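Q: Any chance you can model this:
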Amino acid sequence: MDVRNLRSPLGCAAVLIGVAGLVYACGPDRFRGASSCAPPALEFHVGFSTRQTGGCAGVYGYLGLVKLKAGRVITAEVPGSRPAGPLPESSAPAVVSVVSRSSNGHREKLKAVAEGAADLIVRTPICDVEDFVTTPSPRFVGSKAVSGPCRVLRIEVTGS
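A: Coordinates of the predicted model:
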């Protein structure tokens, strides 16, 4: 786009309409994994269930709580032909640990190894403020965190 077009009222209106369209397309559930504006950036497969996040302009949202027995496996993957993005880490590796990662960076397997709770976090600044994992004094621009990881899934592990 030619920057000179932004000087005219019509150019500014066109930009505002484009931004409003993206916000409307993503809808009010954009931070809860629902999206109508793009394929998901990350999928979690737990048993027969699949949860997705990052589909609305790449914004990662919190997907809630999953309860597992020790020994169960969670697969996280960047779906389709999307470029490899950040894969999750465990906030408590003694409870949920990464057991394998693909060489192309599109998939990893995590295993529930001991009783307790762990958050799966993605090292990206693109998440809703309430899902930001607080590390030393995060800065905020609008509603997005400027630094630090985002919590995407909480795992509670019970005995086997």
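
Q: where does the chain dip in pLDDT?
A: Within the chain, the ranges that satisfy pLDDT under 70 run 1-39, 56-58, 134-148, 160.

Q: can you give me the helices for this protein?
A: With DSSP state H applied, the chain shows helices at 9-26, listed in chain order.

Q: May I have the beta-bridge partners of the closest residue in space to K67 that isn't next to it in sequence?
A: Counting by CB to CB, 6 or more residues apart in numbering, the nearest residue to K67 once its immediate chain neighbours are dropped is E156, at 4.7 Å. Glycine gets a C-beta too; all of them are placed from N, C-alpha and C. Beta-bridge pairing of E156 under DSSP bridges involves K67, A117.

Q: mind checking how far E156 is from G64?
A: Distance from E156 to G64, counting by CB to CB, to the nearest Å: 11 Å.

Q: Between the two, tell me which one has more neighbours.
A: Here E156 and G64 are compared on neighbour count by other CB atoms under 10 Å; more neighbours surround E156, at 15 against 11.

Q: what sits against the more buried one?
A: Taking CB atoms under 8 Å, 6 or more residues apart in numbering as the contact definition, E156 lies against 65-68, 116-117.

Q: and it, how far is that from T75?
A: As for E156, its distance to T75 is 18 Å (criterion: CB to CB).
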